[in-house]
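**Q** Return a 3D structure for these sequence lines:
(chains A and B)
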Protein chains: 2
Amino acid sequence: MRIGIDIMGGDFAPDANVAGAYLALKDLPEDCRIVFIGDEEIARKQIAGLGEDPDKVDFVHAPEVITMSDHPTRALPKKPNSSIAVGFELLATKQIDAFASTGNTGAMLVGSIYKINAIPGVIRPCITSTLPKLTGGESILLDVGANADCKPDVLYQFAILGSLYMKHVNGIENPRVGLLNIGEEPEKGNLLTTTTHKLLQESDDLNFVGNIEGRDLFTDRADVIVCDGFTGNVVLKTAEGFYSLLRKRGVEDEYFDRFNYENYGGTPILGVNGTVVIGHGISNDVAVKNMILHTANVVGSDLSKKIKEAFK
Amino acid sequence: MRIGIDIMGGDFAPDANVAGAYLALKDLPEDCRIVFIGDEEIARKQIAGLGEDPDKVDFVHAPEVITMSDHPTRALPKKPNSSIAVGFELLATKQIDAFASTGNTGAMLVGSIYKINAIPGVIRPCITSTLPKLTGGESILLDVGANADCKPDVLYQFAILGSLYMKHVNGIENPRVGLLNIGEEPEKGNLLTTTTHKLLQESDDLNFVGNIEGRDLFTDRADVIVCDGFTGNVVLKTAEGFYSLLRKRGVEDEYFDRFNYENYGGTPILGVNGTVVIGHGISNDVAVKNMILHTANVVGSDLSKKIKEAFK
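**A** Residues are numbered from 1 along each chain as shown, chains lettered A, B, ... in the order given. Next up, the predicted model:
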């Protein structure tokens, strides 16, 4: 397995990216090789500074950098030698099995959709966020920002994609699907959720358990929670804001520590022809390490193939 | 000033409602009279049980009860002698200056819109939620559930309504208005927020400060935060869920204690011809007390008249 990692993306690149990759190597199986995509000279300097062995990784030189302020759709054609553009090229040509980056999320989405494409049948690929349950374990929320406006059939597909993810990556046999909504009753909600509720209810392919309200996001009511990307992004950032307030207030708590993004490292883009994982822009070395380990899990689960089969 | 209080609504009625009213009486000005709307016999028994003086309040007998499971639009015509139906009748005929209830929110909304009506020019009345700022003080989020689907002109009006509320009730001279969105840049968002952003930006009647992301909800970026009722309700319940988790985990913190709904007691329905305040269904006596004190503040601010003038 070859995992490509963008060593130029994120607020603490290349330091956190290179250090995180070497941390990950300690836990990865032997047949797993990390490919550093970015400025090779900078990477080698960084490795030397850490006193690590450069022969443990591979290098693909990509001198340009897509920054956080670059426009997502314009950045890729404008910077063909950037780490993100080169990463997608390597993935499209199967020179790597997965591509992970803590860089510009928009550019990662654009690359996923235009360089490796959506899986046939998938209307809109999406991104997920992991929510820690109070009772232990995790659920996923999707979409959390790739699609600000969604139609009911798109939300229905998110339910399928999320279920496949929880089954094959997290090993949950028959994942429970909830619809994020503003009441428990089927008729509650906006036009999008009332219509989506019917679609989910009528489906034989899903284990739909009904509406989930904001206050139930952290309980054990569902394993997959579906919403449009606008709502999901607002919820995700509200939860991040809350977690950040807890840290600011010096609150230490075992459960709330599980809201720390470092633990999850990254989230895959679901529904595209390959494994693409996006990490948080503020990722430190531990977050990068966990992003890489998570990427290896997703590749190992053969999720992309399972999704292709489901959407045939 | 005469404040009508529904003594039959909420999970802990009539105990919490009656006890809360007598707590409020201690802090209300002398010219303020509380009117108990509900089953008079039950109310008098409750007052006797508390050892309070029944002459300190007025009674309007309303033997029927709209429960939490009653259908909002059907409940009012079906139960004309319910505390909520009678309350709106009293408000419509100016026998009371305000009506407050911890009962069925849907029925309260329906009563507001069909019994006392929206203020001419207001497309959709809405409800707000108070958010505590980390730096002290509060902002309001609106709408939080009255309107699941909104158009840009409706969101624009929420900005006006919220600004008038913060100016006249909270005494903030030139309230800053933010738009809840999924990015800071004007072009970010869904169809609704990108269009609303333009409307807010072009307005001379507002102090618009731009987009507010979920993570900034508790900072001092804005005083009025505008969103559709679906998003607002999800955010409100997510915050409630988080607060409830903190309590479950035994976390004690001065800032987070300000998330306790008891402190705010209730929220007015903005944009209707009169003062209507809704409290949380789980309100205890302290919450009811604060709901009544808040109601007196709203009546005292003459908010309804100020809104009428603004929408002329």
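
**Q** dump the residue contacts of A:Gly4.
**A** A:Gly4 is in contact with A:Val35, A:Ile37, A:Val60, A:Gly87, A:Leu90, A:Leu91, A:Ile96, A:Ala98, A:Phe99, A:Ala100, counting by Cβ atoms under 8 Å, 6 or more residues apart in numbering or on different chains. Every residue, glycine included, has its C-beta placed from N, CA and C.

**Q** In strands, which of the residues you listed fall?
**A** Mapping the contacts of A:Gly4 onto strands (DSSP state E) picks out A:Val35, A:Ile37, A:Val60, A:Ala98, A:Phe99, A:Ala100.

**Q** Throw the residues you listed into JSON lines and include distance to B:Asp27 and neighbour count, thanks.
**A** Listed next are the ones in strands among the contacts of A:Gly4 as JSON lines, based on distance: Cβ to Cβ, whole Å; neighbours: other Cβ atoms under 10 Å in any protein chain shown:
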{"residue": "A:Val35", "distance to B:Asp27": "68", "neighbour count": "21"}
{"residue": "A:Ile37", "distance to B:Asp27": "66", "neighbour count": "32"}
{"residue": "A:Val60", "distance to B:Asp27": "71", "neighbour count": "17"}
{"residue": "A:Ala98", "distance to B:Asp27": "63", "neighbour count": "25"}
{"residue": "A:Phe99", "distance to B:Asp27": "62", "neighbour count": "32"}
{"residue": "A:Ala100", "distance to B:Asp27": "59", "neighbour count": "33"}
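
**Q** picking up where we left off before, want to try JSON lines for the contacts of A:Gly4, with distance to chain B and pLDDT as columns?
**A** Putting the contacts of A:Gly4 into JSON lines (distance: Cβ to the nearest Cβ, whole Å; pLDDT from 0 to 100) gives the following:
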{"residue": "A:Val35", "distance to chain B": "31", "pLDDT": "98"}
{"residue": "A:Ile37", "distance to chain B": "26", "pLDDT": "98"}
{"residue": "A:Val60", "distance to chain B": "31", "pLDDT": "98"}
{"residue": "A:Gly87", "distance to chain B": "24", "pLDDT": "98"}
{"residue": "A:Leu90", "distance to chain B": "29", "pLDDT": "98"}
{"residue": "A:Leu91", "distance to chain B": "26", "pLDDT": "97"}
{"residue": "A:Ile96", "distance to chain B": "30", "pLDDT": "98"}
{"residue": "A:Ala98", "distance to chain B": "27", "pLDDT": "98"}
{"residue": "A:Phe99", "distance to chain B": "24", "pLDDT": "98"}
{"residue": "A:Ala100", "distance to chain B": "23", "pLDDT": "98"}
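
**Q** now, among those residues, which is nearest to A:Gly20?
**A** A:Gly20 lies nearest to A:Ala100 out of the contacts of A:Gly4, by Cβ to Cβ, at 10.1 Å.

**Q** burial of the residue lying closest to A:Asp302 once chain neighbours are set aside, as a residue count?
**A** Closest residue to A:Asp302 apart from its sequence neighbours, by Cβ to Cβ, 6 or more residues apart in numbering or on different chains: A:His168 at 7.0 Å. Using other Cβ atoms under 10 Å in any protein chain shown, A:His168 has 19 other residues around it.

**Q** circling back to that earlier point, including distance to A:Arg176, could the ones in strands among the contacts of A:Gly4 go into JSON lines?
**A** Shown next, in JSON lines, are those (distance: Cβ to Cβ, whole Å):
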{"residue": "A:Val35", "distance to A:Arg176": "37"}
{"residue": "A:Ile37", "distance to A:Arg176": "38"}
{"residue": "A:Val60", "distance to A:Arg176": "41"}
{"residue": "A:Ala98", "distance to A:Arg176": "28"}
{"residue": "A:Phe99", "distance to A:Arg176": "31"}
{"residue": "A:Ala100", "distance to A:Arg176": "29"}
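
**Q** can you pull the contacts of A:Leu90?
**A** Remark: with contacts taken as Cβ under 8 Å, 6+ apart, A:Leu90 is in contact with A:Gly4, A:Val35, A:Ile37, A:Val60, A:Ile96, A:Phe99.

**Q** Farthest-apart pair in the residues you listed, please.
**A** Spatially, the most separated pair among the contacts of A:Leu90 is A:Val60 and A:Phe99, at 11.0 Å (Cβ to Cβ).

**Q** what's the overlap in contacts for the two?
**A** Both A:Val60 and A:Phe99 are contacted by A:Gly4, A:Ile37, A:Leu90, under the criterion Cβ under 8 Å, 6+ apart.

**Q** Can you classify the first one by secondary structure?
**A** Right, A:Gly4. strand (DSSP: H, G, I helix; E, B strand; the rest coil).

**Q** per-residue confidence at it?
**A** Looking at A:Gly4, its pLDDT reads 98.

**Q** and the gap between it and A:Leu90?
**A** 5 Å (Cβ to Cβ, to the nearest Å).

**Q** cool, and A:Ile66?
**A** Counting by Cβ to Cβ, the gap from A:Ile66 to A:Leu90 is 15 Å.

**Q** which bits of the stretch 201-312 of chain A sit near chain B?
**A** Within the stretch 201-312 of chain A, the positions near chain B by Cβ under 8 Å from any Cβ of the partner chain are A:213-218, A:227-231, A:233-242, A:244-245, A:248-249, A:251, A:253, A:255-256.

**Q** Which among these count as buried?
**A** Buried by 16 or more other Cβ atoms under 10 Å in any protein chain shown: A:213-218, A:227-231, A:233-242, A:244-245, A:251, A:255-256, out of these.

**Q** Helices - which of these land there?
**A** Judged by DSSP state H, those include A:229-231, A:233-242, A:244-245 as members of helices.

**Q** Out of the residues you listed, flag the one nearest to A:Ser163.
**A** Taking Cβ to Cβ as the measure, A:Ser163 lies nearest A:Gly229 of those, at 18.1 Å.

**Q** Would you map the helices across the stretch 1-150 of chain A?
**A** Assigned by DSSP state H, counting those that start in this stretch, the stretch 1-150 of chain A shows helices spanning A:15-25, A:40-50, A:72-78, A:83-92, A:105-111.

**Q** Same check on the stretch 151-300 of chain A?
**A** A:152-168, A:191-202, A:229-248, A:285-301.

**Q** now the helices of the stretch 1-150 of chain A as TSV including distance to B:Ala24?
**A** Below are the helices of the stretch 1-150 of chain A laid out as TSV (distance: least, Cβ to Cβ, whole Å):
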stretch	distance to B:Ala24
helix A:15-25	55
helix A:40-50	65
helix A:72-78	54
helix A:83-92	60
helix A:105-111	50
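
**Q** what does the average pLDDT come to for stretch A:289-297?
**A** Mean predicted lDDT for stretch A:289-297 stands at 96.

**Q** from the chain's centre, how far out does it sit?
**A** Put simply, stretch A:289-297 sits 11 Å off its chain's centre (Cα atoms, centre = their mean, to the nearest Å).

**Q** before we move on, what about stretch A:42-54?
**A** Using Cα atoms, centre = their mean, the offset of stretch A:42-54 from its chain centre is 28 Å.

**Q** For it, buried residues please.
**A** Those would be A:Ile42, A:Ala43, A:Gln46, A:Ile47, A:Glu52, for stretch A:42-54 by 16+ other Cβ under 10 Å.

**Q** Now distance to B:Ala296 too, for those, in TSV please.
**A** Converted to TSV, the buried residues of stretch A:42-54 look like this (distance: Cβ to Cβ, whole Å):
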residue	distance to B:Ala296
A:Ile42	65
A:Ala43	67
A:Gln46	64
A:Ile47	68
A:Glu52	68
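
**Q** pLDDT and distance to A:Lys188 added to the residues you listed, as TSV?
**A** As requested, these are exported to TSV (pLDDT from 0 to 100; distance: Cβ to Cβ, whole Å):
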residue	pLDDT	distance to A:Lys188
A:Ile42	96	53
A:Ala43	96	53
A:Gln46	96	53
A:Ile47	97	55
A:Glu52	97	55
